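K.L.:
Mind folding the following:
(one chain, ligands or ions: 1)
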Amino acid sequence: MAEGRTAPDVERPSANPLEQSERLDAGSADNTTKRANPQADILPGDSATTKAEKIERHGDTSNGDVSTGFEQSAPKRRKMDQESALTAAERTEEQPGRKKGVTPIKKEFLVDISRISEPAHDDDAAEASGKTAQPPQTVGGKGGKKKGKGGQNHNRQFGRSRDEIQLCMSRAKVNEFASSTCQFGEKCKYEHDIRRYLKDGKREDLATFGSICPVWELKGKCSAGWRCRFAGSHSKEVEHEDGRKELVLVEREKPGEQINGDDEMQEEGVGVVNVISNAAKISLRKKHIQTVKSDQYLQWMNEHNQDPTNGRPRPDLKAAVELIDDEGIPIKIAPSNGDSNGVHDIRASYVEPPFRASEKRRIYYGPETPVLAPLTTQGNLPFRRLCVSLGAQVTWSEMAMGLPLVQGEKGEWALMKAHESETAPPAYSPKNPVLDYNHSKDLKFGAQIAANKPWLALKTTEILTSLCPQLRAIDLNCGCPIDLVCRQGAGSALLDSHAKLEKTLRGMNAVSGETPITVKIRMGTKDKHPTAEKLCQRLVLGGPEAQDHGEGPCGVAAITLHGRSKQQRYTRSADWQYIADCASLVKKLKAERSTITDTAREPDARDLPASSTSGTGEGLPYFCGNGDILSHVDYTAHLQDTGVDACMIARGALIKPWIFEEIQQNQYLDKSASERLGYIEQFARNGLEYWGSDEIGVGTTRRFLLEWLSFSCRYVPIGILDELPPRFGDRPPAFQGRSELETLLSSGDYRDWIKISEMFLGPAHKDFQFQPKHKSNSYEIEAEG
Ligand SMILES: Cc1cc2nc3c(=O)[nH]c(=O)nc-3n(C[C@H](O)[C@H](O)[C@H](O)COP(=O)(O)O)c2cc1C
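P.N.:
Okay, here's the model as predicted:
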């Protein structure tokens, strides 16, 4: 959409926003085959000015129907699928007639061909958001008023969405006449009168989602109680025999379903796993939790480093299986060793890591397992859940910093929470025999951490694996370019310390029990000086020190390479040729290594096809490529051309989460604006279920929805493209969607994002603020106003 303007006002949502959306989406494809008429999006009752403005924006007043050009007729679909056969190199070459850097939009949808959108999308800013390195900077109060140079909005403010009068927690979930004691007694500053709170303390109930609380609808119980913005849907007034009227909360028990009575778990959201108790967090904060395995390993490592040839056996880490809290009670019993004493003794006197790679839980990375990348801020639980519902097979947490995790910080531990749909194994397919082989233990969700020192990485790993058994793997982020992280020696900084990195990963692998360890890297830190190839060699074979001591590889189960350097950030395309070079090296080294270690194979693993043992079976990693995947065409081409085992997708999923569906179906899906709005509704629903349906939960859901919309607005509908495939580097000229709703969804103006959020979350709270991560968005608005 034209930058610098907002979409026309959208009516306040009716009780059913999707019904309303159908009106706004009139004329657009409501499935992948509809045709669009640009005149059709003028709604009855539009003012003359709005109509004129719309016609002007169309830039084409013809009455004829406009074919999207990508109806899924058989010949057209074939044409699209042929795109998949293009090599990555061919696809990145200039196509004749295609203007470099400009999204090829059909002329009937162009508004003003001379205007290319400003580069308002700052992916560096997005990646750094939430973990910003810079000192706070005044942005000029609400909405980033101050004019100045473009750049990142550091220290972004989001306001506080709170009830006018706050209800005391002791009254939040009880009936009006229930006796409840507030531990603060007379001194409590919160409201205890439920009727008064409902009348003057909170905003009126939301009319969205059919006025029914999504949490209650799902579980028959809402943990927000009276504070819920849909409280009316799960409460009523009953008249007692004595004539007194009481406000009561209603619980519905689904047939055959037990409502979870555990209040702490209820507070954590519906269907959420990896929730650790407050007691455990407090014990961590007080340093009362011992990390016996890490301490033993670190001690051994120090001694070993001093005299590497002393031949001392490694510590018996399998015996150290407990995290112990301040009262000496084991918090979580780590997996028992299951070894007979005999084997145990032999291993203790053997200079081999005590947890051999073949003893780890297997993970599988293959063509059928497109991976959703770790995404700070954006890759929150409601978004990942949406992606899983659309076919993502592997998901990662947002990057969590090691230190706050070992210190029990609530915010960092919240990043470890996953939805139960992420704990289901990736889909089984005949091409994916490993899953069948070890089906029940394969999980989708893994945790990503950043740590600057081996001790920190080890302790974080030990604590994580002990407290969160539902982790597919733990990934060490060695690609993070954020200054704050790198200056401390973590993230990309580790790419300049190969020996330290190897040591860290080896140690993590030793203390993580059966949980596999993976690593995500970039090409290197400096432009034009890629070091990833050398690093991959070390990770597959073990460095010179390890080889001298007869140690095997460090045991990472997967290496993911983002084809850019740290310095490069998001400038220029990802270098898939370099990714291919590394993939081929890894494959070659793995083949060599497999020959050496053939005798160490597990007996049953030998029966599997070669491809399925190429992963973790012998401690040899899968290799996953990452960078600039925007469609199934990119995905398939990279798999075919570069020899990677799997591909990871980041911004492509944020722009169009149905990319996973496209990959499954191996075809472009021209989603209508209504369907896209449906995904937004799904996110809002997921958000309310996770963050809660009270004023604070609604505010948090809105904030993260807006964050996502800042990416999803970059989607240029496939049906209005003149040429395929869509490319990351291209910027669209000002264009008009096939309907008013499609135009609105393409708006880069955050005020339009708020309008969209209001369709599901009602009017924003008066104190709600949102500052886009890049200032240019704010300035456009100012320039206009
Ligand atoms: C908003 C945003 C947040 C990101 N957060 C993380 C992160 O927490 N951990 C990480 O390893 N990479 C992170 N990345 C990098 C991505 O995982 C990915 O490597 C990169 O975006 C390249 O993939 P793409 O071209 O598919 O976007 C982030 C990227 C973006 C845009």
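K.L.:
Other residues contacting the helix or strand hosting residue 385?
P.N.:
Assignment of secondary structure by DSSP states H and E places residue 385 within helix 381-389. With contact meaning Cβ atoms under 8 Å, 6 or more residues apart in numbering, helix 381-389 is reached by 269, 272, 372, 375, 392, 395, 417-419, 421-422, 444-445, 653-654, 657, 660, 679, 682-683, 686-687, 689-691, 701, 704, 708. Where you see a C-beta, it was placed from the backbone N, CA and C, and this is true even at glycine.
K.L.:
what do you get for stretch 233-252?
P.N.:
Residues outside stretch 233-252 that contact it (Cβ under 8 Å, 6+ apart) are 173-177, 194-195, 198, 205, 211-213, 216, 220-222, 225-226, 228, 259.
K.L.:
mind running it again at 10 Å?
P.N.:
172-178, 194-195, 198, 205-206, 209-217, 219-222, 224-226, 228, 231, 259, 693 (Cβ atoms under 10 Å, 6 or more residues apart in numbering).
K.L.:
Could you give me the PyMOL syntax to select whichever of those are buried?
P.N.:
To isolate the buried subset of the contacts of stretch 233-252 in PyMOL, counting by 16 or more other Cβ atoms under 10 Å, use the following:
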select buried, resi 172+173+175+176+194+198+205+206+209+213+214+215+216+217+219+220+221+222+224+225+226+228+231+693
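K.L.:
Could I have the ChimeraX command that selects the buried members from the contacts of helix 381-389?
P.N.:
Buried residues among the contacts of helix 381-389 (16+ other Cβ under 10 Å), as a ChimeraX selection:
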select :269,272,372,375,392,395,417,418,419,421,422,444,445,653,654,657,660,679,682,683,686,687,689,690,691,701,704,708
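K.L.:
and residue 678, how many neighbours does it have?
P.N.:
Neighbour count of residue 678, defined by other Cβ atoms under 10 Å: 15.
K.L.:
Check the one 10 residues further on too.
P.N.:
Other residues within reach of residue 688 by the criterion other Cβ under 10 Å amount to 32.
K.L.:
Over to residue 537?
P.N.:
Applying other Cβ under 10 Å, we find 17 residues neighbouring residue 537.
K.L.:
residues contacting it?
P.N.:
Contact analysis of residue 537 by Cβ under 10 Å, 6+ apart lists 498, 543, 582, 585-586, 588-589.
K.L.:
again, 7 Å this time
P.N.:
By Cβ atoms under 7 Å, 6 or more residues apart in numbering, residue 537 lies in contact with 585, 589.
K.L.:
Which residue comes closest to residue 160 once chain neighbours are left out?
P.N.:
Spatial nearest neighbour of residue 160, excluding adjacent residues (Cβ to Cβ, 6 or more residues apart in numbering): residue 767 at 5.4 Å.
K.L.:
Read off the pLDDT value for that neighbour.
P.N.:
If you check residue 767, the pLDDT there is 92.
K.L.:
if we can go back for a sec, out of the contacts of helix 381-389, which touch the ligand?
P.N.:
When contact is defined as Cβ under 6 Å from any ligand atom, these meet the ligand at residue 375.
K.L.:
which ones among the contacts of helix 381-389 are found in strands?
P.N.:
272, 372, 395, 418-419, 445 (DSSP state E).
K.L.:
Noted, bye for now.
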